[in-house]
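> Sequence and computational prediction follow.
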Amino acid sequence: MLFNSFEYLIFLPIVFILYWFVTRKSLRLQNLMLLASSYFFYSCWDYRFLFLLIFSTLLDYGSGLKMASAKTAAEKKFWFWLSVVINVGVLAIFKYYNFFVESFAAALSSVGVQANLWTLQLILPIGISFYTFHGLSYVIDIYNDKITPEKDLVDYSLFVSFFPLLVAGPIERATHLLPQIKRKRVFNYNNAVDGTRQILWGLFKKVVIADNCAEYVNVVFGDSTGFSSSAHVVAAILFTVQIYCDFSGYSDIAIGTARLFGIDLLRNFAYPFFSRDIAEFWRRWHISLTTWFRDYLYIPLGGSRGGLWMKIRNTFIIFLVSGFWHGANWTFIVWGALNALYIMPSIILKTHRNHLDVVANHRILPSVKELFQMLITFALAVFAFTFFRAESLSHAFSFISEIFAATGAKTRPIDLELLPLLLLFIVAEWTGRRERHALQELGHNWPKIFRLLFYYALIAIIFIFAGSSKEFIYFQF
Amino acid sequence: MKRYLIKIFWFILPLIVLAYPLDWIISTNLKKSNNFFGREFPVWNEIYSDKTHAQTYIYGSSRALIHIDPNLIADSLQTSAFNFGVNGHNFKLQKLRHDLLLRRGKTPQMIIHSMDIFTLSPQTELFNKEQFIPYMLHDDELKKGLVGYEGFTAMDFELPLIRYYSGYHIIRESLTQFLGIGNNAEVRRNGFDPQDLEWDGNFDQIKRQKKMVVAEIDPGLVKSFKDYLIECRKANIEVVLVYTPEYYEFQKMVTNRKVVIDLYKSIATQNDIRFFDYSNDTITKSKKYFYNATHMNLRGAKIFNQDLVQKLRLATTN
């Protein structure tokens, strides 16, 4: 079930009431109930892949225990690599098998060899990239002696399958989430109220901004040779807005939901469009994934130790792998590579940690320089996201060439009602840029009646202006 | 915890309390719209109104509402007439309108039923679903009639405002009507919606592709149609079937056209009702009378209606 569906509107209060009223007195019962709810939530997508989720859970749970009880380093290594190989193997088969086969066949074909290779008709299990990475981080942390294995299967299963983060993250760490699962949760009024606000803002971003941008984007990307240059530019910009609002909206709903249950999830976005350079952008975009790659790939590869060339190499590897994580298509790899190229100058010049604070932190408006920096960074992101959105490399190149020399002449004006909505979104995000989410402090100084009216207006906007329902983009990853 | 739940309760309560009045306001004003959503609201209003009903009804799809002039029929036959043709729908929805009318005691004396090549073909798409929205809340008849179509869920019929979700254009039209702004001139006079257009050329492009069409026949719909004719006879309603003109070259593209027309003829014969088949009429040979392959323009409709009225007059006399 989607977060923005009527079914979720029924599901969430039921789980909430069961959690805080029926199972409150027993932590075990509470966790069991949450786990059952999470499995039910996942089954609503496709019950067949519940078995895969449970298999992955049991694999990592068992491997963790085996590593801890291993008598030799070799035995420990065996269990570690068994878990990693199977986890990555399952992900590779479902997600990448056809890509490798087709790419291999294309490569053979380019040298005149025709190969009839067998591809699989596989449905990608929803959330597989996310829960696989949950499990991998757990196993890696145990191997590196950062944590001890979790003995309670229910608690561990809940760590992997907690429904708010199950299908599209944030990608949690055992060190952060497991302790919360294992201790008694106390209802916190302020946390719950703010979590509700965060859910509301997430819904606005997803169903109003993202889904309405998608109407325009899908038309132009679907017929890229028929539209004018300006239409292509607008589509590229709107896609960048769409993917941010879609994914950060989902994350806000996930995090807000978790807060209703007294659980704090990792932050996933920190207003990346207000970044002054690409390095800052990547500190603010899909934070749970980028930090995962930093901790489990970049640092083990040597990180920044070993000189500038190693740093450059490792950075490239991270971005290429990150691109590849998103999907089995060369477009994602190019997207990753582009971002790696973007960040290289700042690494070489050692300016990649220049902007660690919030832009215009003690001011209302940015300076001209900051505005210019944000616009340039945004433009770079827009260009790279064109590859992200395109169906193939040729589609991406065709789309980009149409920006500069359009063969089509169809224009497509933006729906006028989208403009004030975009303005509301930008203003709210800008005023809330210091907070966890845009509504956290918004209107705190207003009279209560104005605050109430604002929330009612937001709900009315969501109700009236919701775009035609689309799945969250990151579900496909 | 209690404080949170109480806060949520008091926050949501006004939304729940206002849901029904808001739904009523939006629906009432939306129904006033003459021009939006296929211009079907005036027809639905006629069905649901308490007004005295017409004596002659016209049923069918877009080829009914665009081709058959109830005003000319009323003037020529000294009767009253209303065109209940519904764009984009087969017999199932035409029958729904018929049932709704009869359940409200609006039994006509005559029904002129326009038949198309797809009248008895299956259809799951709820074309122009917005036309039902202001009438749906707690309407069990409408709910039952729309079973089998993809478009609405049970909640849309039972809970206020749900069907208006994501309905900016619908709500905007309702607001427009509430404020009395914008052009709301009545276009469909007694349901008739003629098109003063010239040939648009789309058919010529399709012809070049040489694609053929097969009209699937739904046995369930055929039975339903036969039952409907029997019910009409029992209720003393005279039914006349009409196959209005369509451009002759389009006729050649329907591979099983003869099967369909023969079916209509045999149903008419079995039920002893008239079937006016304009398939070979001279009007079908000229693009001048059509704006596309299956719809006559105003010029063509005028000529057709004069002929139809003559036939009806003769039939009435005999």
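Here it is on my side, so go on.
> Looks like residue B:230 contacts residue B:271 (just checking).
Yes. Between residue B:230 and residue B:271 there is a contact at 7.3 Å, judged by C-beta atoms under 8 Å. In this view, the C-beta of every residue, glycine as well, is placed from N, C-alpha and C.
> I'd like the distance between residue B:220 and chain A.
31 Å (C-beta to the nearest C-beta, to the nearest Å).
> Can you name the secondary structure element that comes next after whichever strand or helix holds that residue?
Using DSSP states H and E, residue B:220 sits within helix B:219-234. Reading on from helix B:219-234 to the C-terminus, the next helix or strand found by DSSP H and E is strand B:238-243.
> how about that following strand: buried residues?
Under the neighbour-count criterion of 16 or more other C-beta atoms under 10 Å in any protein chain shown, strand B:238-243 has B:238, B:239, B:240, B:241, B:242, B:243 buried.
> and if you look at stretch A:83-100?
Neighbour-count burial for stretch A:83-100 flags A:83, A:84, A:86, A:87, A:90, A:91, A:94, A:95, A:98, A:99 (criterion: 16+ other C-beta under 10 Å).
> now do stretch B:303-318
B:304, B:305, B:308, B:309, B:312.
> Repeat that for stretch B:163-175.
Buried residues in stretch B:163-175, counted by 16+ other C-beta under 10 Å: B:163, B:164, B:166, B:167, B:168, B:170, B:171, B:173, B:174.
> Quick check: which element contains the residue nearest to the first one when sequence neighbours are not counted?
With C-beta to C-beta, 6 or more residues apart in numbering or on different chains as the measure, residue B:156 is the residue that lies nearest to residue B:163, at 4.1 Å, once sequence neighbours are left out. In this assignment (DSSP H and E), residue B:156 forms part of helix B:154-158.
> Can you report how many residues neighbour residue B:158?
13 (other C-beta atoms under 10 Å in any protein chain shown).
> To what extent is the closest residue to it other than its chain neighbours buried, counted in neighbours?
Once flanking residues are discounted, residue B:158 sits nearest to residue B:138: 7.0 Å by C-beta to C-beta, 6+ apart. Residue B:138 has 10 neighbouring residues, counting by other C-beta under 10 Å.
> What of residue B:52?
Neighbour number of residue B:52 under other C-beta under 10 Å is 8.
> Walking through chain B, point out its strands one by one.
Counting by DSSP state E, one finds strands in chain B at the ranges B:56-59, B:81-83, B:110-114, B:238-243, B:274-277, B:290-292, B:295-296.
> quick check: angle from the fourth one to strand B:110-114?
Angle, strand B:238-243 to strand B:110-114, by axes from the mean of the first three to the mean of the last three C-alpha atoms, to 10 degrees: 20 degrees.
> Now do strand B:238-243: everything it contacts.
B:60, B:68, B:109-116, B:229, B:232-233, B:261, B:264, B:267-268, B:271, B:273-279, B:308, B:312, B:315 (C-beta atoms under 8 Å, 6 or more residues apart in numbering or on different chains).
> The shortest one too?
Surrounding strand B:295-296, the residues in contact under the criterion C-beta under 8 Å, 6+ apart are B:62, B:63, B:66, B:67, B:195, B:244, B:245, B:246, B:283, B:289, B:290, B:304.
> next structured bit after the helix or strand containing residue A:430?
Following DSSP H and E, one finds residue A:430 within helix A:418-431. Downstream of helix A:418-431, the first helix or strand assigned by DSSP H and E is helix A:448-465.
> possible to save the contacts of strand B:295-296 as JSON lines with pLDDT and distance to chain A?
Below are the contacts of strand B:295-296 laid out as JSON lines (pLDDT from 0 to 100; distance: C-beta to the nearest C-beta, whole Å):
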{"residue": "B:62", "pLDDT": "95", "distance to chain A": "25"}
{"residue": "B:63", "pLDDT": "96", "distance to chain A": "30"}
{"residue": "B:66", "pLDDT": "96", "distance to chain A": "29"}
{"residue": "B:67", "pLDDT": "97", "distance to chain A": "33"}
{"residue": "B:195", "pLDDT": "94", "distance to chain A": "26"}
{"residue": "B:244", "pLDDT": "97", "distance to chain A": "35"}
{"residue": "B:245", "pLDDT": "96", "distance to chain A": "35"}
{"residue": "B:246", "pLDDT": "95", "distance to chain A": "32"}
{"residue": "B:283", "pLDDT": "95", "distance to chain A": "37"}
{"residue": "B:289", "pLDDT": "96", "distance to chain A": "33"}
{"residue": "B:290", "pLDDT": "96", "distance to chain A": "28"}
{"residue": "B:304", "pLDDT": "97", "distance to chain A": "37"}
